[in-house]
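# sequence and predicted model, in that order:
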Amino acid sequence: MNRSQVNAILKESDAFIRSFGHILPPFAYWSPERMRAPDAADIRARGLGWDITDYGQGRFEELGLFLFTTRNGTVEDLQRGRGMLYAEKIMITRTHQLSPMHRHTVKAEDIINRGGGDLVIELFGPDETGGIDRAAEVVVPCDGTLRRLPAGAHLRLTPGESVTLMPGLWHAFWAEKADCLVGEVSTVNDDRTDNIFEMPIGRFSEITEDEAPVHLLVSDYP
């Protein structure tokens, strides 16, 4: 992706989020220089902030996702079993923009349709080796009740509805009818090591610097 495209998506996404009455935290609007300052070290270490990915494929409109991580615990806390064991994101998935099939080894997550169109999630259970089981039934909690679905079913969440995805469960998702504002509440989030994709793709975008960044992405921090 070009940095100019990233900058444009940041502006569009902020406006979309605000249209639902959701306001991002103050550090969302820090300059790159401010985000590089020593007192922002914890923000950088926890991976908080803007995250725009085309999964390294250069087709953001078809294969991509916007995310902003507002809070995140640490792997060390998770290993100790005490402290800040949770994370929260706000995401935008565009109409028919695929977030490709993947699973997490550690993270459990609630995926919440916060508004807009329908959020469609394709689901498969894991087989004995952690791969995709294309035959077994999938059972997921949706807002306090269990849903039993055939392998590969498309679970449709309308605004206000949510689903809990446990570690190992394979899922892909996209929006239909209109772009979706999506919430994610989860255990500690480690996007660098805890995303296993069906396809041989990367988690982050490769950025071509055709103009200066308005704000840094999480992938810019290292």
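Perfect, thanks for sending it.
# now the residue most central in space within the chain: closest residue in space that isn't a chain neighbour?
Centroid-nearest residue in the chain, with CA atoms, centre = their mean: L67, separated by 5.3 Å. If the residues on either side of it in the chain are set aside, L67 comes closest to D51, at 4.1 Å by CB to CB, 6 or more residues apart in numbering. In this view, the C-beta of every residue, glycine as well, is placed from N, C-alpha and C.
# list the contacts for the one you found?
Going by CB atoms under 8 Å, 6 or more residues apart in numbering, D51 touches 66-69, 191, 204, 217-219.
# distance from stretch 116-123 to the middle of the chain?
How far stretch 116-123 lies from its chain's middle: 14 Å, per CA atoms, centre = their mean, to the nearest Å.
# also stretch 81-88?
17 Å.
# same question for stretch 129-148.
20 Å.
# then stretch 171-179?
Mean C-alpha position of stretch 171-179 versus that of the full chain (CA atoms, centre = their mean) differs by 13 Å.
# what residues does it touch?
Stretch 171-179 is contacted by residues 16, 92-103, 111, 116-124, 156, 165 when judged by CB under 8 Å, 6+ apart.
# which members of these are positioned in strands?
Of the contacts of stretch 171-179, the ones assigned to strands by DSSP state E are 92-93, 99-103, 111, 116-124, 156, 165.
# and the residues you listed, which are buried?
Listed as buried from the ones in strands among the contacts of stretch 171-179 are 92-93, 99-103, 111, 116-124, 165; burial here means 16 or more other CB atoms under 10 Å.
# and the top helix by length along the chain, C-alpha only, in PDB?
In the chain, with assignment by DSSP state H, the single longest helix is helix 3-18. The C-alpha trace of helix 3-18 is given here as PDB (Å, rounded to 0.1, in the frame of the first residue of the first chain):
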ATOM      1  CA  ARG A   3       1.300   5.800   2.500                       C
ATOM      2  CA  SER A   4      -1.000   8.300   0.700                       C
ATOM      3  CA  GLN A   5      -3.700   5.500   0.600                       C
ATOM      4  CA  VAL A   6      -3.100   4.800   4.300                       C
ATOM      5  CA  ASN A   7      -3.500   8.500   5.100                       C
ATOM      6  CA  ALA A   8      -6.700   8.700   3.200                       C
ATOM      7  CA  ILE A   9      -8.100   5.500   4.900                       C
ATOM      8  CA  LEU A  10      -7.200   7.000   8.300                       C
ATOM      9  CA  LYS A  11      -9.300  10.100   7.600                       C
ATOM     10  CA  GLU A  12     -12.200   8.200   6.100                       C
ATOM     11  CA  SER A  13     -12.200   5.700   9.000                       C
ATOM     12  CA  ASP A  14     -12.200   8.300  11.700                       C
ATOM     13  CA  ALA A  15     -15.200  10.000  10.100                       C
ATOM     14  CA  PHE A  16     -17.000   6.700   9.800                       C
ATOM     15  CA  ILE A  17     -16.300   5.900  13.500                       C
ATOM     16  CA  ARG A  18     -17.500   9.300  14.600                       C
END
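# what residues does the following helix or strand past it touch?
Next helix or strand after helix 3-18 toward the C-terminus (DSSP states H and E): helix 32-35. Helix 32-35 has contacts (CB under 8 Å, 6+ apart) with 27, 40, 43-44, 49, 212-213, 215-216, 220-221.
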